[in-house]
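Trainee: A structural model of the following input is requested.
(2 chains)
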Amino acid sequence: MLEPGIELRAESRVRARIAVLLDTSRSMRFPASPGGPSRAEELVRWVQAHKADLEKLASRFQVDFYGFDKELQPADAGRIAAARDARAMGESLAQGPATDILAALTGAAAAGTAGRPLAGFFLASDGADNAELAEGISGPAGTELHKLAAPVFALPIGAQAVKDLAVEKIAVDDFAFVRNQVTVDVTLTARGFGSTDVPVVLKREGQVVAQKTVHVEGDQARYEVKLSFVPDRTGKFAFTVSVPVYQGEALAQNNQRSFVLKVIRDRVRVLLVVGRPSWDVRFLRQLLKRDPNVDLISFFILRTPGDDPHSSQDELSLIPFPTQEIFQEQLKTFDLVIFQNFNHRPYRMSQYLDGIAAYVRDGGAFAMIGGDQSFSAGDYAGTAIEDVLPVTLLPTGPTAVDETPVQLKLTDSGRRHPLVELAAGTAQNEQAWVRLPKLPGLNTTGPMKGGAQTLLQSSEGRPVLVVGEAGRGRVLALLTDSSWYWSFVAAGQELGPRAYETFWHSAIRWLVRDPALTPMRVTAERPSFEPGTEPPSLDVQVRGSDYGAAAGAQVTTVVSSAEDPVPRPGGSATAGADGSARIMLPPLAPGAYKVTATAKRDGVQVGEAEEAFVVAPTAREMIEAAPRPDLLRAIATATQGRVVEADDPLLSLPWRDPQRVEVGQRTSKPLWDNWKVLAALCLVVGVEWTLRRRWGYA
Amino acid sequence: MLSRRRLLGLPLLLAARRALAFGDQARLTFAQVRHLGRWDPRPDGLSRLAWEISKRTSIETSPLVKPIGLADPDLFRFPFAVLSSDQSFPLPADAEIASLRRYLSYGGFLLIDDASATRGGAFEQSARALVARIVNGASLSRVARDHVLYKSFYLLDGPAGRLLSTSDLEGLELGGRVAVLYSGNDLIGALARDSLGTWEFEVSPGGELQREKSIRLGVNIAMYALCLDYKEDQVHIPFIMKRRRI
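Mentor: Just a heads-up that it's a prediction; the model follows:
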């Protein structure tokens, strides 16, 4: 009051801000409608169609354009609107690895310039959120949306293609045990479906191994399915879980998912069939029974039709020889079948020999151990068993066995083969074999078969141990019934049984293709490759039949898939000095693949190996990519906005009016500082005093 | 010179040799342990057992019994050894004990048969002392009636022999198997025949039925030595249980 003044203020109303959020995540690359343009292209076309509308909006509001995916970044609407090729522009925009709508909204709200109030958000997206809002609007997410204090107007992109069935998730261990049940947990999502029975199929490289039907109802989006199967052989396999692609689905790509499963042995299952008890049988059984890695099933012929036990059957512990059960029903459950001094004839087994040979060619392992009922003496000449053996056989006769004592000697092949490695170092290994007791005799056979390798022989060149391959299986012929000499008789010579144990353990490992004894290995850099971003690469290790590094070997690959079983050429490379090579395969479409690598040196095949891998997107962005207009609607509702149609004019939307005015300039002028005002004030006060005196009020 | 054993074995040799084999080493050949006592009280018994085994089962046997000392390196070519006598015998030397210990540890089988069939007799005491030397402080223990020995070929309910002095077999386990088996009933004596082919000894108290049981026990012991616990494999169990109930 004592210092009156005048304040001069310059006021203006502030233009509110509108954040336009354009979804630039990779899911926008998927079609907006079945067979239609991509969602990103549709978005670009919307910007182009609303160019004038946006300009009008900008005259009333400050319009900030953002692209968003996992992150928020400014967008150049002018460049988008000016694009001649909407499709290409869409492709270039939709690069984001994930979609986080809530982060985009909160980020845009916080990025306001000079504290301009928000009139609202315009959100153009497919709604395929895979972050905070992936499961819908939770409590904390709802609070965040409420804090925005601005309406969200949502334009659903791709809403026409809301129907989608997807194999969303597969849960399975990286490895499984052969002949043990494996359960694959599958999560399906189904949107836009009515009451439908959906078959869910699990295939191993094109072959159905499990199947279940899931009843899909409209009000449930997620379904859990358990698919179980029992792997019957070891190796690395590509599996695919698939559901049918129904008409009108938004995405066909997510109707199947592939994975690689390594099937290993918990124990090597060995079938030992023995013609008669003997010391050779006894020591082998003892070894196998003691080995915790071996599951031994054995059948010994304890009594032949010519034997007279002087008793009734009930006084004996003998059981019938279950040939049909073993050689027909159970055969494939064995990793290795051993015939030890066993003649098939008395047991009418001719009918099963073809099956045994087929089992071997299909990847099984077979060993025949000598004796007076084995090889030629076992009447196998001309049978299917001879076909898979690494040796040819002679007709049964007195020359079927040779009782000349045998001094063992490693062959050239044997010097390098891990199966007969008793000691490290060639000289020590040769000495270890030479020191073993002489064997009392050998089975005689015809010539070796092509591809067979004699690893041990007598000093005069009679084969003792011959190995080979038959189809995908491995075979071993041990032409003696006295390998137990390497254990017990050797123990008597202060050598100990180590040679026997080492030999048989190595033989079994080699027969069942223990990876450590495989001359060639091919390994995918990863079990799963991202499509389009990286070509699958393979590491190959090549060793020759001598198990030495196959330097200079030419490695070629062929690739096949469940969808395209015809092998296609992959890459090729030359093995280095250490026998290793790296091969880059051409870019492959998503799917499950099997690659076969073959190594040759000087035109001769050195080895072959297989590997399985998948090409599949691993990011949720590309898997859970179905449009979710329901989520966009929920966001709009939670912020008091609404869902808009593509042709709705933007100006007509109920944006929030600006409430604030901004003070541009403020000036205060004290009155006492002006002498005229002071004089006028004094004059007024003086006149007022004079008049009061005159009128008698004072 | 043709010994009595070889002479007795000749006819059996022809009968037993049924097939080609890689010498006698592939067959079951009994080794008779030579000790410093009366080591061969039943010269024909083991050949007879070999013949019975060959006749009744698929096992190929040699009728020729190999007399052998415990320190002989050739002992390890005969994984089935028999030690017998009808009287006490001096303990073998340390080197022989060590060899026997090694023999049993690496898979050999020793049948000790008391030809005197006298419970607590001189032979039994010597045998128990030997077992205690093989594994320091070890002793024989009863072989349970459900042991695979009693079902390795025949289904048997107990031991047998020329006499029934003891109601159980006894054994010493090494590495999860019976490596030493002790029979106190003169098992081999029940099988012995004279040069004319007649039974050498009366079998008491069960007579010929007991003799047959003795043969069967001998067969089972041989089958156990060659097949170990084969008859305890899962596949056999239901059959055996069913027949046991009959």
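Trainee: just want the most central residue of chain B.
Mentor: Most central in chain B under C-alpha atoms, centre = their mean is B:Leu111, positioned 4.2 Å from the mean C-alpha point.
Trainee: verify the stated contact: that one with B:Asn220.
Mentor: No: taking C-beta atoms under 8 Å as the definition, B:Leu111 is not a contact partner of B:Asn220, at 11.6 Å. In this view, the C-beta of every residue, glycine as well, is placed from N, C-alpha and C.
Trainee: low-confidence stretches in the stretch 451-600 of chain A?
Mentor: Where the stretch 451-600 of chain A drops to pLDDT under 70, the residues are A:545-547.
Trainee: all the helices of it, residue numbers only.
Mentor: Per DSSP state H, counting those that start in this stretch, the stretch 451-600 of chain A carries helices over the ranges A:488-492, A:498-511.
Trainee: chain B too?
Mentor: For chain B, the helices defined by DSSP state H occupy B:4-16, B:45-56, B:94-105, B:122-134, B:207-227, B:237-245.
Trainee: of those helices, which is nearest A:Ala159?
Mentor: Each of those was scored for nearness to A:Ala159 using C-beta to C-beta, and the closest is helix B:237-245 (66.4 Å).
Trainee: on that earlier part again, and the helices of chain B, which is most packed in?
Mentor: Among the helices of chain B, helix B:45-56 has the highest mean neighbour count (mean count of other C-beta atoms under 10 Å in any protein chain shown), at a mean of 25.
Trainee: close to chain A, is that helix?
Mentor: Yes: shown here: helix B:45-56 in contact with chain A (C-beta under 8 Å from any C-beta of the partner chain) through B:55-56.
Trainee: and the residue lying closest to A:Ala141 once chain neighbours are set aside, what are its phi and psi?
Mentor: Taking C-beta to C-beta, 6 or more residues apart in numbering or on different chains, and ignoring the residues beside it in sequence, A:Ala141 has A:Glu132 as its nearest neighbour in space, at 5.2 Å. In terms of degrees, to the nearest 10, the main-chain angles of A:Glu132 are phi -60, psi -40.
Trainee: from what I see, A:Glu132 and A:Gly142 are in contact.
Mentor: No: counting by C-beta under 8 Å, A:Glu132 stays clear of A:Gly142, with 10.6 Å between them.
Trainee: just want the residue of chain B that's nearest chain A.
Mentor: When C-beta to the nearest C-beta is the measure, chain B has its nearest residue to chain A at B:Phe76, with 2.5 Å between them.
Trainee: before we move on, the earlier item: could you find the closest non-adjacent residue to the residue nearest to the centre of chain B?
Mentor: Leaving out its chain neighbours, the residue that sits closest to B:Leu111 by C-beta to C-beta, 6+ apart is B:Val82, at 4.8 Å.
Trainee: my read: that neighbour touches B:Asp114, true?
Mentor: No: using C-beta under 8 Å, B:Val82 is not in contact with B:Asp114; the gap is 11.8 Å.
Trainee: can you pick out the residue with more neighbours from the two?
Mentor: The neighbour comparison of B:Val82 against B:Asp114 (other C-beta atoms under 10 Å in any protein chain shown) goes to B:Asp114, with 29 against 25.
Trainee: list the contacts for the more buried one?
Mentor: The contact partners of B:Asp114, by C-beta atoms under 8 Å, 6 or more residues apart in numbering or on different chains, come to B:84-86, B:121, B:123-124, B:127, B:165, B:182-186.
Trainee: please redo it, this time with the cut-off set to 10 Å
Mentor: Taking C-beta atoms under 10 Å, 6 or more residues apart in numbering or on different chains as the criterion, B:Asp114 is in contact with B:41, B:84-86, B:121-124, B:126-127, B:161, B:163, B:165-166, B:182-189.
Trainee: A:Phe65 too?
Mentor: Listed by C-beta under 10 Å, 6+ apart, the contact set of A:Phe65 reads A:18-22, A:47, A:54, A:74-78, A:80, A:108, A:122.
Trainee: returning to that earlier point: which residues are common contacts for B:Val82 and B:Asp114?
Mentor: The contact sets of B:Val82 and B:Asp114 overlap at B:187-188 (C-beta under 10 Å, 6+ apart).
Trainee: what residue in the stretch 301-450 of chain A comes nearest to chain B?
Mentor: The nearest approach of the stretch 301-450 of chain A to chain B comes at A:Gly441, 3.3 Å away (C-beta to the nearest C-beta).
Trainee: can you verify my assumption that that residue contacts A:Tyr485?
Mentor: No: A:Gly441 sits out of contact with A:Tyr485 when judged by C-beta atoms under 10 Å, with a separation of 11.3 Å.
Trainee: need the overlap of contacts for those two.
Mentor: A:406, B:25.
Trainee: distance check, B:Met223 against A:Ser317.
Mentor: B:Met223 is 9 Å from A:Ser317, where distance means C-beta to C-beta, to the nearest Å.
Trainee: need the overlap of contacts for the two.
Mentor: Jointly contacting B:Met223 and A:Ser317 under the rule C-beta under 10 Å, 6+ apart are A:302, B:148, B:151-154, B:230-231.
Trainee: which of those sits closest to A:Val260?
Mentor: Distance from A:Val260 was checked for each of the shared contacts of B:Met223 and A:Ser317 by C-beta to C-beta. The minimum falls on B:Tyr230, at 40.8 Å.
Trainee: tally up the residues packed near that closest one, please.
Mentor: 25.
Trainee: give me the nearest residue to it, chain neighbours excluded.
Mentor: Spatial nearest neighbour of B:Tyr230, chain neighbours left out: A:Phe300 (5.8 Å); criterion: C-beta to C-beta, 6+ apart.
Trainee: find the centremost residue of chain A, please.
Mentor: With the centre of chain A defined as its mean C-alpha position, the nearest residue by C-alpha atoms, centre = their mean is A:Phe259, 3.3 Å away.
Trainee: may I have the strands that pair with whichever strand or helix holds that residue, each with its orientation?
Mentor: Using DSSP states H and E, A:Phe259 maps to strand A:256-264. As defined by DSSP bridges, the strand partners of strand A:256-264 come to strand A:175-177 (parallel), strand A:235-242 (antiparallel).
Trainee: re the thing from before, looking at the helices of the stretch 451-600 of chain A, which is closest to A:Arg191?
Mentor: helix A:498-511 (51.2 Å).
Trainee: check which residues of that closest one are buried.
Mentor: Applying a neighbour-count criterion of 16 or more other C-beta atoms under 10 Å in any protein chain shown, one finds A:499-511 buried in helix A:498-511.
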